[in-house]
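Peer 1: Provided below for reference: sequence and predicted model.
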Amino acid sequence: MLRLSGIHKYYNPGTVNEMCLFENFNLEIEQGQFVSVVGSNGSGKTSMLNIICGSIPIEAGAIFIDEEEITKQKEFRRNSKIGRVYQNPAMGTCPSMTILENMCLADNKGKSFGLRRGINRKRIGFYRDQLRQLNLGLEDKMDVKVGSLSGGQRQAMALLMSTMTPIEFLILDEHTAALDPKTADLIMELTDKVVREKKLTTIMVTHNLRYAVEYGDRLLMMHQGECVVDKAGEEKSKLTVDDILERFTQISIECGN
Ligand SMILES: Nc1ncnc2c1ncn2[C@@H]1O[C@H](COP(=O)(O)OP(=O)(O)OP(=O)(O)O)[C@@H](O)[C@H]1O
């Protein structure tokens, strides 16, 4: 279980540009839950992910994984438990390295030695099997540089690489936003398959309301640093894109936009 308790987050504290984003923000995510997060621009979605990953500091509050408090744990330590896929396919892979080298790099995540010792020829069969599951033919291109792959192929690799080692959480930060609709659908299907097979606790930020409705077993809508919609289970399965659009409209009216 992941628990954010009483989180306070200010940007530029103590300056004229001080901005309070989260004031006593609380969130609990059960083990194995797949949570879709939607919300308007600037509502705090990416900041929430950054707080979970330890990429940005908080002013007050605590973060727990199960009963272990990780609030002060360094980002690189947390990253051994967390896989993250970003909007930009270039973020999750190393373009100047081959597919094989990228797979080795992911395989060695959290280990204290670098790529030089990390290329284990005995693992090539395993990497090939992993790549084959993507159904993109990448298993036959292991010596090709990742920089020459398409955005969709790279994002599929980023997904594979971030979930290759045992992790507790998968964080997806608009990971289909830079892809064409067909490739985005393919990556979403792959995501769902990986999440189900590995039973990963997953948080997916997306602006694609269809994905938020179709995938996952809980949906959160954020607005001005708060969760204004939180539906799980049967309630979530009954939600439609129109329901969420209606809530967006209500919020805009309330804000006078
Ligand atoms: N490094 C920063 N310094 C100052 N303000 C920031 C910083 N990062 C985010 N913010 C502010 O915090 C608020 C929330 O930003 P955040 O990126 O978390 O929103 P978001 O919901 O992910 O938005 P989007 O959908 O546009 O990606 C915004 O008002 C943003 O301007």
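Peer 2: Received the coordinates, thanks.

Peer 1: okay, now the unreliable bits of the chain?
Peer 2: Along the chain, segments meeting pLDDT under 70 span 110-118, 256-257.

Peer 1: enumerate the residues of it near the ligand.
Peer 2: 11-12, 19, 21, 39, 41-47 (C-beta under 6 Å from any ligand atom). For glycine as for every other residue, the C-beta is placed from the backbone atoms N, C-alpha and C.

Peer 1: any of those residues buried? List them.
Peer 2: Buried subset of the residues of the chain next to the ligand (neighbour count, 16 or more other C-beta atoms under 10 Å): 21, 39, 43-47.

Peer 1: will you turn the residues you listed into CSV that also has secondary structure?
Peer 2: Output for these, formatted as CSV (DSSP: H, G, I helix; E, B strand; the rest coil):
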residue, secondary structure
Leu21, strand
Gly39, strand
Ser43, coil
Gly44, coil
Lys45, helix
Thr46, helix
Ser47, helix
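
Peer 1: and the two most separated of those residues?
Peer 2: Leu21 and Gly39 (12.2 Å; C-beta to C-beta).

Peer 1: what about the helices in the protein?
Peer 2: Taking DSSP state H as the criterion, the chain carries its helices at 45-53, 75-78, 99-107, 115-118, 124-132, 151-162, 181-198, 209-214, 233-238, 241-254.

Peer 1: any idea which of those helices is most buried?
Peer 2: Greatest average neighbour count among the helices of the chain goes to helix 151-162 (a mean of 23), per mean count of other C-beta atoms under 10 Å.

Peer 1: so Leu49 is in contact with Val205, correct?
Peer 2: Yes: using C-beta atoms under 8 Å, Leu49 is in contact with Val205, at 6.4 Å.

Peer 1: got any residues that touch both of those two?
Peer 2: Counting by C-beta atoms under 8 Å, 6 or more residues apart in numbering, the shared contacts of Leu49 and Val205 are Asp173.
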